[in-house]
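Q: Quick one: sequence and predicted model below, then my questions.
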Amino acid sequence: MRQFRDLGVLIVASGNIVHNLRTMRRDAPADQAYDWAIEFDREIADRIGRGDADGLADFQALGEPARLAQPSDEHYLPLLYAAGAAAPGEPVRFFNERFQAMSISMRSAIWD
C-alpha cells in the first residue's frame with residue numbers, strides 16, 4: 001500500500017475502532033463509554049501511535065475487550081490497510097476521539 005502513496009494516491013479507510021451495536025445505549029450522555037470500549041480504543045490508539053502494525057493486526061489477542069469492541073471484524077479491518085500504508089516512524093495525528101452511544105468509538109487517524 002505504501003507504494004501507492006508514493007504515487008500520490010490518497011488512501012481512505014472507513015470503520016470504527018469500537019463498533020458494537022448490540023450494546024448501544026442511545027440515551028447515554030455524549031462521549032460516555034463502557035470501560036471495555038475505552039480500554040480497547042486507548043490500546044489501539046497506542047499501537048497506532050507506536051506504528052505497531054503487527055499489534056494492530058493481532059487485536060483479537062486483547063481478549064474480552066476486543067471481542068466486545070469488535071463482534072465482527074469488518075469495521076476494524078480497514079484500519080489495517082491505512083496503517084500499512086504508513087512509513088515506519090511516520091507521524092500520526094488523531095481527530096474525532098469521541099464515543100457515541102457507549103459502544104462506538106469515532107477515533108480517526110491521519111498519517112501526513
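A: Structure's in. What do you need? Residues are numbered from 1 along each chain as shown.
Q: close enough to count as contact, Arg2 and Glu90?
A: No: Arg2 is not in contact with Glu90 according to Cβ atoms under 8 Å; the separation is 9.5 Å. Placement of C-beta: from N, CA and C, glycine included.
Q: mind listing the strands for the chain?
A: 18-19, 92-95, 99-100, 104-105, 108-111 (DSSP state E).
Q: Of those, give the one that comes closest to Glu64.
A: strand 18-19 (13.1 Å; Cβ to Cβ).
Q: quick one: contacts for the residue nearest the centre of the chain?
A: Ranked by distance to the mean C-alpha position of the chain (Cα atoms, centre = their mean), the top residue is Ile17 at 3.2 Å. By Cβ atoms under 8 Å, 6 or more residues apart in numbering, the residues touching Ile17 are Phe40, Asp41, Ile44, Ala45, Ala69, Tyr76, Leu79, Ser105, Arg107.
Q: Just give me the closest of those to Phe95.
A: When these are compared for distance to Phe95 (Cβ to Cβ), Arg107 wins out at 8.2 Å.
Q: Please tell me how far the closest one sits from Asp27.
A: 22 Å (Cβ to Cβ, to the nearest Å).
Q: same deal with Trp111?
A: The gap separating Trp111 from Asp27 is 36 Å, by Cβ to Cβ.
Q: The lowest-mean-pLDDT helix or strand in the chain packs against which elements?
A: Sorted by mean pLDDT, DSSP states H and E, the helices and strands of the chain end with helix 2-6, the least confident at a mean of 81. Helix 2-6 sits against no helix or strand, with contacts defined as 3 or more Cβ pairs under 8 Å, 6 or more residues apart in numbering; DSSP states H and E.
Q: Next, count neighbours for Met102.
A: 19 (other Cβ atoms under 10 Å).
Q: hang on, I meant Ala28
A: Residues lying near Ala28 (other Cβ under 10 Å) number 15.
Q: By residue count, what's the longest helix in the protein?
A: helix 35-50 (DSSP state H).
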